[in-house]
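Q: sequence-free structure coming up:
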């Protein structure tokens, strides 16, 4: 079973930065992708960023971003710790929401509990 633990959310003013982390643990095989979705107040869940690995967690991988965060957010992986990091800069009030980490393995998709990000204007 896969466990995903997010951390790093909080309150920040517009224009500021936050760093989210997601730690993966448990038993799994054929890790394919890890990434983040978010859900703002009254909005549908939307993709934020992801990393697609070849077959196992590594410091490499192909990265992708949702259109609304391109150029402002950066996703990376920390090899040896099974952790991904979402560095968020130039935050806007529209970035407010609950950020959910996810992983795709041979067993399917798993989700973290979510971490709240609030950007004040």
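A: Good, I have the coordinates. Everything quoted here is computed from the prediction, not taken from an experiment.

Q: the residue most central in space within the chain bridge partners, please.
A: By CA atoms, centre = their mean, the chain has its centre lying nearest to residue 36, at 3.0 Å. Residue 36 forms beta bridges with residue 49, residue 101, as assigned by DSSP bridges.

Q: hang on, residue 63 packs against residue 48?
A: No: Residue 63 is not in contact with residue 48 according to CB atoms under 8 Å; the separation is 11.6 Å. For every residue, glycine as well, the C-beta is placed using N, CA and C.

Q: these two - which one has more neighbours?
A: For the pair residue 63 and residue 48, the greater number of neighbours falls to residue 48 (24 against 14), based on other CB atoms under 10 Å.

Q: which residues does the more buried one contact?
A: The neighbourhood of residue 48, defined by CB atoms under 8 Å, 6 or more residues apart in numbering, consists of 35-38, 65-66, 69, 73, 86, 99.

Q: repeat the analysis, applying 6 Å as the threshold.
A: 36, 38, 66, 69 (CB atoms under 6 Å, 6 or more residues apart in numbering).

Q: any idea which of the residues you listed has the most stuff around it?
A: residue 36 (26 neighbours).

Q: how about that one, what does it touch?
A: Residue 36 neighbours (CB under 6 Å, 6+ apart): 48-49, 86, 99, 101.

Q: go on, residue 53?
A: 31, 61.

Q: that one and residue 116, how far apart?
A: Between residue 53 and residue 116 the computed distance is 28 Å (CB to CB, to the nearest Å).

Q: beta partners of residue 84?
A: Judged by DSSP bridges, the bridge partners of residue 84 are residue 22, residue 77.
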